[in-house]
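Colleague: predicted model and sequence follow; I will ask about them next.
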Amino acid sequence: MPLLTLRNAELAYGLHPLLDRANFAIDERERVGLIGRNGTGKSSLLKVITGLAPLDDGEVSRLDGLKVVLVEQEPLLPPAETVRDSLVLRGQLEDIHDERERWRLEARLSEFLQRLGVAAERAPETTSGGERKRAALALALALEPDLLLLDEPTNHLDIDGITALEELLIKGPASIVVTHDRSFLDRVVTRIIELDRGLLRSYPGNFAAYETRKSEQLAAEEVMNRKFDKFWAQEEVWIRKGVEARRTRNEGRVRRLESLRDQRAARREQMGSVKLSLDSGERSGKLVAELTDVEKSFGERPIVRDLSMRIMRGDRLGLIGPNGAGKSTLIKLILGKLEPDSGNVRLGTNISVAYFDQLREQLDPEKSVVETISPGSDWVEIGTERKHVMTYLGDFLFSSQRANSPVKALSGGERNRLLLARLFARPANVLVMDEPTNDLDIDSLELLEDTLQTYPGTLLLVSHDRTFLDNVVTQTLVAQGNGRWQEYVGGYSDWLAQRPAPLSPAASSKPKQENKPAARAPAPVKLSYKETRELAQLPAEIEAIEQRQQELTARMSSADYHKQGPDQLKADRKLAEDLEREMSEKFERWSTLEAKAEAAAKS
């Protein structure tokens, strides 16, 4: 039996239909990817499913007791001392009367905060967008929903965060995910639902399977529409014969023509596409930038260590690394906007830089869209082409009414399109794009890819969109940790294939030796006296930790535990986390020593 069913659903804002007698159902354990152009109503559909917004007409049927949890595009954390306390408020965990159930959910919350790498004790007002998103995702998974709704969950997450989320969702509950991340859709979802001109179309399989089916469907639709238009045109010629048509009085044919006209008027055409063109201006010199032994640190934190590389005209370089690795800082070093602590940066000649920044700081929220693109002029010049500013904005799907709106009234997707329009209106032979894919729909993403592939200038790209990196860049510069960066040929998938196996922490901390002595035969593996004693004592130590956990659980599950006061409750939560961490360390150590003992026995 489906968890949730939509029947003949209708929803409109003004004259714009978002749902037009749409039908949809989702079963237990299904993972559905919801895709569609920006503005088609994907977020509105999630609100309908959650119960936060009503339908204009139609029916939503939910399984009795269905628990639905929504994680918004930009989740908010209520004011609290720590992120964890804020999530307890957001999830209303303090309102749960069953002490054991509340403690169980709080323990699950701690688990998912750890698995998603969230600093639980940090003040919520100091968190970044990515940290807030990971925190909200951790809470959503801890609440054990029957149906999980995720609106652009990969925005602001780095690649490590995205892959961790993928693992959790594959093993998690039924879910509906709105995302433009094609790699995410390929790995996670079992079905694609496309919201297109008010209708919901279902495609089994992942995004790659959808693309194949969709291209076949569009080709068939084009043939059908062409035949329809030809037949309709023939009938219009017949009715315009006037006297002959009236004399024959073929009432059936007249009625059929009226029906054809109605069908033609009702048939919605494909929505417009963004039209991108990019002027590289005058060519830069062959060398764009050369870095020699560059180093940069902020306090005790190294950002770049001993980096030497060349960037040549026409290179498309993708920077890959976790949030906070220093990708934006490295770009500033490459472009000479920031001085290195040591080493040398040499810039090439005739360099003109255009910058697409992740935080959209270049957009004045009080200015109108028109003023942002072409201040003081009605015309935009792109290479040898001259366009009226309204025509140019139309290429980026801004209507004449929207063109006069202030920037602060635009949605995230509209702001990204506006920044692209502003960026492409200026000639540049070096293009810097910092997370350009956030809030763009898949059609716009693919068009941007095509544009960048034919761009003759030099591209520096920061992105966590793995498919976008694969389709655009010619080489990658990857953060290795501790300020080290390594260059690889190709895109994201090529880096995965080329990267070396990860070293152990002890091995990675050892300095490289230039003149290594001849390799010696490895010494026989055996346990030292101290390790032998440690291995013998570990079972008792693990049992002692388990006993403490059981005692703590029993105390926290008692009927009057809530009377202990906030300080004691907080101390007990921390103790539970410490015991869990200590237990994991003991088991890992036990496994290591056991393996060493077995190897010694065989040698």
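Modeller: On my side now, so go ahead. Numbering: from 1, shown residues only.
Colleague: what kind of secondary structure is S284 in?
Modeller: coil (DSSP: H, G, I helix; E, B strand; the rest coil).
Colleague: for L397, that is, sorry about that
Modeller: Going by three-state DSSP: L397 is coil.
Colleague: how far away is it from D357?
Modeller: 21 Å (CB to CB, to the nearest Å). For glycine as for every other residue, the C-beta is placed from the backbone atoms N, C-alpha and C.
Colleague: between these two, which has more neighbouring residues?
Modeller: Neighbour totals were compared for L397 and D357, and L397 leads with 20 against 17 (other CB atoms under 10 Å).
Colleague: was I right about G172 contacting D146?
Modeller: No - the criterion here is CB atoms under 8 Å, and G172 misses it with D146 at 10.9 Å.
Colleague: so where is the stretch 301-450 of the chain shaky, pLDDT-wise?
Modeller: Low-confidence segments of the stretch 301-450 of the chain (pLDDT under 70): 358-362, 383-384.
Colleague: in terms of helices and strands, where is F228?
Modeller: For F228, the host element (DSSP states H and E) is helix 207-239.
Colleague: could you say what helices and strands that helix packs with?
Modeller: strand 31-35, helix 182-188, strand 191-196, strand 199-204, helix 251-266 (3 or more CB pairs under 8 Å, 6 or more residues apart in numbering; DSSP states H and E).
Colleague: out of the ones you listed, which gets the lowest mean score?
Modeller: For these, the weakest mean pLDDT is recorded on helix 251-266, namely a mean of 61.
Colleague: show the end-to-end separation of stretch 425-434, please.
Modeller: 18 Å (CA to CA, to the nearest Å).
Colleague: for it, list every residue counted as buried.
Modeller: A425, P427, A428, N429, V430, L431, V432, M433, D434 (16 or more other CB atoms under 10 Å).
Colleague: show me what the fifth one is bridged to.
Modeller: Right, V430. Taking DSSP bridges as the rule, V430 bridges to V353, T458.
Colleague: for it, give me its contacts.
Modeller: Going by CB atoms under 8 Å, 6 or more residues apart in numbering, V430 touches S284, V288, L335, I351, S352, V353, A354, G457, T458, L459, L460.
Colleague: could you find the closest non-adjacent residue to the fourth one?
Modeller: If you skip the residues right next to it in sequence, I351 has S284 as its closest partner in space, 5.0 Å away by CB to CB, 6 or more residues apart in numbering.
Colleague: and the residue nearest the centre of the chain, which helix or strand is it part of?
Modeller: For the chain, the residue nearest the mean C-alpha position is T154 (2.3 Å; CA atoms, centre = their mean). Using DSSP H and E, T154 falls within no helix or strand.
Colleague: make 18 the first number, not 1, from now on.
Modeller: From this message on, residue numbering opens at 18, which makes the last subject T171.
Colleague: run a quick neighbour tally on the closest residue in space to it that isn't next to it in sequence.
Modeller: Leaving aside its sequence neighbours, T171 sits nearest to D198 (CB to CB, 6+ apart; 4.5 Å). D198 is flanked by 27 other residues according to other CB under 10 Å.
Colleague: surely W502 meets L494?
Modeller: Yes - with contact defined as CB under 8 Å, W502 and L494 form a contacting pair (5.5 Å).
Colleague: what residues do these two have in common as contacts?
Modeller: Common neighbours of W502 and L494 (CB under 8 Å, 6+ apart) are L347.
Colleague: ok, the contacts of V447 vs L216, which is closest?
Modeller: L476 (37.2 Å; CB to CB).
Colleague: residue contacts, that closest one?
Modeller: Counting by CB under 8 Å, 6+ apart, L476 has contacts D332, R333, L334, V447, L448, V449, M450, L469, V489, V490.
Colleague: and what of V490?
Modeller: Contacts of V490 (CB under 8 Å, 6+ apart): R333, L334, G335, L476, L478, G507, G508.
Colleague: helix or strand: which one has the fifth one?
Modeller: Spelled out, it's L478. strand 475-479.
Colleague: repeat that for the third one.
Modeller: When secondary structure is defined using DSSP H and E, the element that contains G335 is strand 333-337.
Colleague: list the contacts of that strand.
Modeller: By CB under 8 Å, 6+ apart, strand 333-337 touches 176, 328, 344, 347-348, 469, 472, 475-480, 486, 489-496, 508-509, 512.
Colleague: list buried residues within those residues.
Modeller: 176, 328, 344, 347-348, 469, 472, 475-480, 486, 489-490, 492-496, 508-509, 512.
Colleague: quick one on the thing from earlier: any idea of the mean pLDDT for the strand holding L478?
Modeller: 95.
Colleague: distance from the next helix or strand after that strand to the middle of the chain?
Modeller: Once the chain leaves strand 475-479, the next helix or strand it forms, by DSSP H and E, is helix 483-489. How far helix 483-489 lies from its chain's middle: 13 Å, per CA atoms, centre = their mean, to the nearest Å.
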